[in-house]
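> how would this look folded up:
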Amino acid sequence: MLVFVLLSLAASADAQFLPRLKPLPPKKDVSALKSTPALAPNSSWQMLTNQPPLVDPTDCGPGNPILLTDGTVMLQDNGCQDWWKLTPDEFGSYVNGTWTRLADLPDGYSPLYHSSAVLTDGRVIIEGGEYNFLIPAWTDQGAIYDPLANTWTTMAPPPFFTGFGPFPRTIGDAQSVVLFDGTFMQSNCCTDQAALLDLNTLTWTPTGKNKFDINDEEGWTLLPNKKVLTVDAYVGKYNPTGMNFELYNPASGKWTSPGAGTVVQLWDSAADCGGRRFASFEVGPAVLRPDGTVFATGANACGAGHTAIYNSNTGVWTAGPDFPDELDIADGPAALEPNGSVLMMASPLIFNTGSTFFEWDGSTLTEISPAPNAENDSSFYGNMLVLPTGQILFTDFFFVSVYNPAGTYNPAWAPSIQSAPAAVTPGGSYVISGHRFNGMSQGAAYGDDQQSATNYPLVRITNNATGHVFYSRTHDHSSMAVAFNGLVSTHFDVPANQELGPSQLVVVANGIPSAPIAVTVQ
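Model (predicted):
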């Protein structure tokens, strides 16, 4: 998503460019939405049996999906104020799940292309928006959702954030991350500013000194060493061949540029087809894999997008394979499958339609079967979410479907329970602890906004006699560090409708379950 031309007035004297907004959701024909897209024979994709009954599917559409800590999925009618909840069926199937309407957003706030995160206490925060009510706004509004009360509360923005042109303060199409210690970090898209949120007081503290350029178009990837990786997009600092990247250190609150670049250019400078005036400044998603490498994808207005691999253990980048033809990811989704491969969505050049899906297994980039409606999609239409089943939920403004990855996970990646109650009671609250409760990665990524990380533990209890599946609501996790082998604890609240009798309990992180332990529900 691209910033308004007046950004040049505030960002830099070198910002003589005319960037483009990321387009609005495609206008859709209601009759087309009632027909089920055809799937290839033996496709790994499935349409959800029940599609969300959105308020305005023509102008908005199913977008930003967020996994709540009780195993349900929140879904935004992207650009509109209505949100929906997907509850899996009694056997834990999301494909056969049902939708219920959640509380609408506060008056005056209807964002499109914003930041989002699940906080350690189980609440959900969204901040900013490139559009508000489908009008360009780079809004500084925000809200927190309480799943227990089914209410949204307006969030005051960081008071020290500034803006550009007619906008005195912005957040806009911004990136965010929950740091290893559970602190929420929010960027201002249109400046180099960032802020940390105190969950108890809901107040903000400045952070992120020494940023190389402004935050716009960049994504944040949480690393095993607790730092945050970003690939610079050079908005306001146009350099046709720039390849800088940065690391944020929570201990110092500062960004550093390690020096050696990304080897290949990942942001779109349009250097070979018109330069600055035609640059989109977009980049693609960057996903951490279980081996400690980050697979980063690029955008390119002039041809095929590049990819690069960052080794978080050595700090070294190597070039990955280019996408075939003129495909790239100019904003778009990717997700880590339980088997360790990265699923991603590409499309031609910048914002064109006709998408192609790929997997990266650490050595090979392979085209896979297309998602439903892929021929009508651009990469920026897509959002992905790793479900507790190991499936990848996918939205594209049109439909909601799931991808069923092949293979399985390495047992060394699975959560491991160390301490848990032997018996629980419906409605009771308990503590469980163990290792790798936050998974090996954040799970999913998008070019910059609409984060849908799932690096937090879920507790799933299955009744032995009926096979019925129940998720307990987890909250107040002791850590959010990825690929962390230290001891982690979380609280879990057993639902009031949990069936009695002998059961099996597992902890799930990023679609990978622990070994089951016996628990009696009494």
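
> and the longest strand for the chain?
For the chain, the strand with the greatest residue count under DSSP state E is strand 501-509.

> which SS state does Arg277 fall under?
Under the three-state scheme (DSSP: H, G, I helix; E, B strand; the rest coil), Arg277 adopts helix.

> With Trp255 instead?
From three-state DSSP, the assignment for Trp255 is strand.

> which stretches of this structure form helices?
Using DSSP state H, the helices found in the chain span residues 7-11, 30-33.

> Tell me who's in contact with the nearest residue to Ser433 once chain neighbours are set aside.
Distances taken as C-beta to C-beta, 6 or more residues apart in numbering place Ser489 nearest to Ser433, at 3.9 Å, with adjacent residues excluded. Every residue, glycine included, has its C-beta placed from N, CA and C. Contacts for Ser489 were tallied using C-beta atoms under 8 Å, 6 or more residues apart in numbering; they are 431-433, 437, 477-478.

> tell me the two of those residues that are most distant?
The span of those, defined through C-beta to C-beta, is set by Val431 and Phe437 at 11.9 Å.

> Which neighbours do these two have in common?
489-490.

> In terms of packing, which of these two has more residues around it?
Remark: of Val431 and Phe437, Phe437 carries more neighbours, 31 against 13, as counted by other C-beta atoms under 10 Å.

> hang on, the earlier thing: hey, least reliable of the helices of the chain by pLDDT?
Lowest mean pLDDT within the helices of the chain: helix 7-11, a mean of 37.

> Surely Pro158 is in contact with Gln193?
Yes: the pair Pro158 / Gln193 is scored as a contact, 7.5 Å apart, by C-beta atoms under 8 Å.

> Identify the contacts common to those two.
Common neighbours of Pro158 and Gln193 (C-beta under 8 Å, 6+ apart) are Pro206.

> In stretch 190-202, which residues are buried?
Neighbour-count burial for stretch 190-202 flags 190-197 (criterion: 16 or more other C-beta atoms under 10 Å).

> Then stretch 207-214?
Under the neighbour-count criterion of 16+ other C-beta under 10 Å, stretch 207-214 has 207-208, 211-214 buried.

> cool, and stretch 348-368?
For stretch 348-368, burial by neighbour count (16+ other C-beta under 10 Å) applies to 348-351, 355-360, 365, 368.

> Now the terminal residues of it, how far apart.
Stretch 348-368 has its terminal residues 16 Å apart, counting by C-alpha to C-alpha, to the nearest Å.

> residues in contact with the residue nearest to Asn376 when sequence neighbours are not counted?
Leaving aside its sequence neighbours, Asn376 sits nearest to Thr353 (C-beta to C-beta, 6+ apart; 5.9 Å). Neighbour list for Thr353: 347, 375-378 [criterion: C-beta under 8 Å, 6+ apart].

> Just the buried ones among the residues you listed, please.
For the contacts of Thr353, buried by 16+ other C-beta under 10 Å: 347, 376-378.

> Tell me who's in contact with Asn188.
158, 161-162, 170-172, 174, 194-195, 215.

> So which of these are in strands?
If you go by DSSP E, the contacts of Asn188 have 194-195 in strands.

> got TSV for the contacts of Asn188, with pLDDT and distance to Pro415 too?
What follows is the contacts of Asn188, written out as TSV (pLDDT from 0 to 100; distance: C-beta to C-beta, whole Å):
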residue	pLDDT	distance to Pro415
Pro158	98	34
Phe161	98	37
Thr162	97	42
Thr170	97	39
Ile171	97	34
Gly172	96	36
Ala174	96	31
Ala194	98	31
Ala195	98	31
Asn215	97	33
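
> which one of the contacts of Asn188 is nearest Gly467?
Comparing the contacts of Asn188 against Gly467 with C-beta to C-beta picks out Ala174 as the nearest, at 42.9 Å.

> any idea which of the buried residues of stretch 207-214 is the one closest to Asp77?
Ile214 (29.8 Å).

> how much space is there between that closest one and Ala233?
Counting by C-beta to C-beta, to the nearest Å, the gap from Ile214 to Ala233 is 9 Å.

> same check, this time on Gly79
23 Å.

> between these two, which one's more packed in?
With neighbours defined as other C-beta under 10 Å, Gly79 and Ala233 compare such that Ala233 has more, 29 against 22.

> one step back: how about the buried residues of stretch 190-202 in JSON lines, adding distance to Gly122?
What follows is those, written out as JSON lines (distance: C-beta to C-beta, whole Å):
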{"residue": "Cys190", "distance to Gly122": "30"}
{"residue": "Thr191", "distance to Gly122": "31"}
{"residue": "Asp192", "distance to Gly122": "31"}
{"residue": "Gln193", "distance to Gly122": "28"}
{"residue": "Ala194", "distance to Gly122": "24"}
{"residue": "Ala195", "distance to Gly122": "22"}
{"residue": "Leu196", "distance to Gly122": "19"}
{"residue": "Leu197", "distance to Gly122": "15"}
